[in-house]
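Colleague: Predicted model follows, preceded by the sequence.
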Amino acid sequence: MEAGHNPKKNVLENKSLLFALRIINAYKYITQDKQEYILSKQLLRSGTSVGAMIKEAEFAESKMDFIHKLNVALKEANETRYWLMLLKGAEYISVSAYESIEEDCNELIRLLVSIIKTSRQNLPK
C-alpha cells in the first residue's frame, strides 16, 4: 500500500535520511575520537532504524500496517533520544551537539505523531 505523493511523508523521509546520516557521523566521532563502543552502537541502531521503518511503511500491506510501522519508527526515535541523553551525560558528546541532534529527533517525532494521528482518523469506521 504505497502512500502516494503525500508532501508530509516526503518531508518525513527526507528528514529521517538526513537524521540517519547525522547519527552515523556522531557514531563515527564517538567511536574514533572518544573510543566508546557500546552506547554509540545503540545510538546507531535506533537512530538509523527510524528511517528504515519509515521506508518500510511506504509499501505497507494495509493502513493498519502503515500505522504500525510508523509507530515502530516513533518508538525508535524516542529510544534514540535516550541514548543521546546518556552520551551527553557521560560527556561523550557536547551539550551543543546533543541539543542540535535532539532537536532533529524531536522534529521527526512531531511529524510521526501527526501522520499517525491523521492516519488513524482516516481509518474506516
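Modeller: Yep, it's here. Numbering: from 1, shown residues only.
Colleague: packing partners for whichever strand or helix holds residue 74?
Modeller: Using DSSP states H and E, residue 74 sits in helix 63-89. On a contact count with 3 or more C-beta pairs under 8 Å, 6 or more residues apart in numbering; DSSP states H and E, helix 63-89 meets helix 7-33, helix 38-58, helix 95-121. For the C-beta atoms, the positions are set from N, CA and C on the backbone; glycine is no exception.
Colleague: list the buried ones in the last one?
Modeller: By neighbour count, with 16 or more other C-beta atoms under 10 Å as the criterion, the buried positions of helix 95-121 are 97-98, 101, 104-105, 108-109, 111-112, 115-116, 119.
Colleague: Any chance of those in JSON lines with distance to residue 31 and pLDDT as columns?
Modeller: Listed next are these as JSON lines, based on distance: C-beta to C-beta, whole Å; pLDDT from 0 to 100:
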{"residue": "97", "distance to residue 31": "15", "pLDDT": "98"}
{"residue": "98", "distance to residue 31": "17", "pLDDT": "98"}
{"residue": "101", "distance to residue 31": "16", "pLDDT": "99"}
{"residue": "104", "distance to residue 31": "20", "pLDDT": "99"}
{"residue": "105", "distance to residue 31": "20", "pLDDT": "99"}
{"residue": "108", "distance to residue 31": "23", "pLDDT": "98"}
{"residue": "109", "distance to residue 31": "26", "pLDDT": "99"}
{"residue": "111", "distance to residue 31": "29", "pLDDT": "97"}
{"residue": "112", "distance to residue 31": "28", "pLDDT": "98"}
{"residue": "115", "distance to residue 31": "33", "pLDDT": "97"}
{"residue": "116", "distance to residue 31": "33", "pLDDT": "98"}
{"residue": "119", "distance to residue 31": "37", "pLDDT": "97"}
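Colleague: Now that we're looking at residue 57, what pLDDT does it have?
Modeller: Confidence at residue 57, expressed as pLDDT, is 97.
Colleague: helices and strands of this protein: which one bottoms out on pLDDT?
Modeller: Lowest on mean pLDDT, DSSP states H and E among the helices and strands of the chain sits helix 7-33, with a mean of 94.
Colleague: buried ones in that helix?
Modeller: Judged by neighbour count (16+ other C-beta under 10 Å), helix 7-33 contains these buried residues: 9, 12-13, 15-16, 19-20, 22-23, 26-27, 30.
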